[in-house]
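[1] one predicted model, sequence on top.
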Amino acid sequence: MYQKTYFILFASIVLLSQTVVTILGNTEASFAQSSNTRSQQTKSTTADKLAAPATTSEVVRSARDIGVVLERLKYSREEAEAISKLVNNTSQRLSSLDFEASRTTATNPNLSQYRMVHFATHGLINTVNPELSGIVLSLVNQKGEDTDGFLRLHDIFNLNLPVELVTLSACETGLGKDVKGEGLLGLTRGFMYAGAKRVAVSLWSVNDTATASLMTKFYQQMLEKGLTPVAALRAAQLEMWKTQQWKAPYYWAAFVVQGEWR
């Protein structure tokens, strides 16, 4: 049985010392970030655009492999705050803001007592070097010092996370490298190996603003209406489709729930 009902861990990341990182906590875990698209989004031919302190060398290398620039996702904070407000019982809602969106927090054994974990941040899906796939969290601490904020794929495989749902609110988090004899090696497999019953992921680069809206509706359907994750995502996507602003499938159809469908 889970000891707590909600855990939202949210983190907004940039590679500079002025990192704006946010974490909220409850039985959903939500880490979040910032830019108009969540990670596999901004293509670049020069890795020099990335700040590259020594402690982020693997992040820089992975981003260089796949040709992306990590930018701030300004709507990630709004996403976390909106989801947090859905949990009325403050004893069931833990808010950890800014630099606490760290690798240390993400690997804390206490996460195993929660029901849902939500990451809204940059994800790196490296098909060149799959071991460099992972989730980018805060790369600096409160003192502005470099810190290891890269939750690597092997870290994810080693987590003990027997939760109902992990949501990876980032770009192309459902992709991976097809390894002969092994299948698709990526973040979804890592979290399922760690014990998650379901993982909500995206299949293409997603719009930051639209994703924040979709995720809020997704959690409203689960937390206020009691729908299962699969049914809640479908309902949230239909809501988006019925609006003029987000009607195009590009804005909402990227997300799927893998794992237990009931």
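    Ah, there it is. Numbers count the residues shown, from 1 in each chain.
[2] strands of the stretch 151-262 of the chain, start to end?
    165-168, 177-179, 183-185, 198-202, 255-259 (DSSP state E, counting those that start in this stretch).
[3] between those strands, which gets nearest to residue 152?
    Of all the strands of the stretch 151-262 of the chain, strand 183-185 sits nearest to residue 152, with 12.8 Å by Cβ to Cβ. To be clear about C-beta, it is placed using only N, CA and C from the backbone, and glycine gets the same treatment.
[4] avg pLDDT for the closest one?
    In this model, strand 183-185 has an average pLDDT of 53.
[5] if we can go back for a sec, the strands of the stretch 151-262 of the chain into CSV, with extra columns for mean neighbour count and distance to residue 239?
    Listed next are these as CSV, based on neighbours: other Cβ atoms under 10 Å; distance: least, Cβ to Cβ, whole Å:
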stretch, mean neighbour count, distance to residue 239
strand 165-168, 28, 17
strand 177-179, 13, 34
strand 183-185, 14, 30
strand 198-202, 25, 16
strand 255-259, 19, 13
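[6] distance to residue 65 added to these, as CSV?
    Converted to CSV, these look like this (distance: least, Cβ to Cβ, whole Å):
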stretch, distance to residue 65
strand 165-168, 19
strand 177-179, 11
strand 183-185, 15
strand 198-202, 20
strand 255-259, 24
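[7] out of the ones you listed, which comes closest to residue 159?
    So among those, strand 165-168 is nearest, using Cβ to Cβ, at 9.7 Å.
[8] contacting residues around the closest one?
    Contact partners of strand 165-168, identified using Cβ atoms under 8 Å, 6 or more residues apart in numbering, comprise 28-30, 115-119, 123, 135, 174, 187-188, 191, 196-202, 215, 218, 229, 257.
[9] and if you look at stretch 216-224?
    Under Cβ under 8 Å, 6+ apart, the answer for stretch 216-224 is 6, 28, 79, 82-83, 86-87, 116, 118, 167, 200, 227-229, 231-233, 235-236, 239-240, 255.
[10] okay, and which of those residues map to helices?
    79, 82, 83, 229, 231, 232, 233, 235, 236, 239, 240 (DSSP state H).
[11] give me the neighbour count for the closest residue to residue 82 other than its chain neighbours.
    Spatial nearest neighbour of residue 82, chain neighbours left out: residue 216 (4.3 Å); criterion: Cβ to Cβ, 6 or more residues apart in numbering. Residues within reach of residue 216, counting by other Cβ atoms under 10 Å, total 19.
[12] can you start the count at 49 instead of 1 from here on
    Let's use 49 as the start, then, which means that last one is residue 264.
[13] read off the pLDDT value for residue 264.
    93.
[14] what packs against the one helix or strand residue 111 maps to?
    Using DSSP states H and E, residue 111 maps to helix 105-114. Counting contacts by 3 or more Cβ pairs under 8 Å, 6 or more residues apart in numbering; DSSP states H and E, helix 105-114 packs against strand 170-172, strand 198-200.
[15] just checking, next helix/strand downstream of the first one?
    Beyond strand 170-172 in the direction of the C-terminus, DSSP H and E gives the next helix or strand as strand 182-184.
[16] list the strands paired with that next one, with their directions.
    strand 170-172 (antiparallel), strand 198-200 (antiparallel) (DSSP bridges).
[17] redo those as a markdown table? Include mean neighbour count, distance to residue 115 and mean pLDDT.
    Formatted as a markdown table, the strands paired with strand 182-184 follow (neighbours: other Cβ atoms under 10 Å; distance: least, Cβ to Cβ, whole Å; pLDDT from 0 to 100):
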| stretch | mean neighbour count | distance to residue 115 | mean pLDDT |
| --- | --- | --- | --- |
| strand 170-172 | 30 | 11 | 82 |
| strand 198-200 | 22 | 18 | 89 |
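[18] lovely, talk soon.
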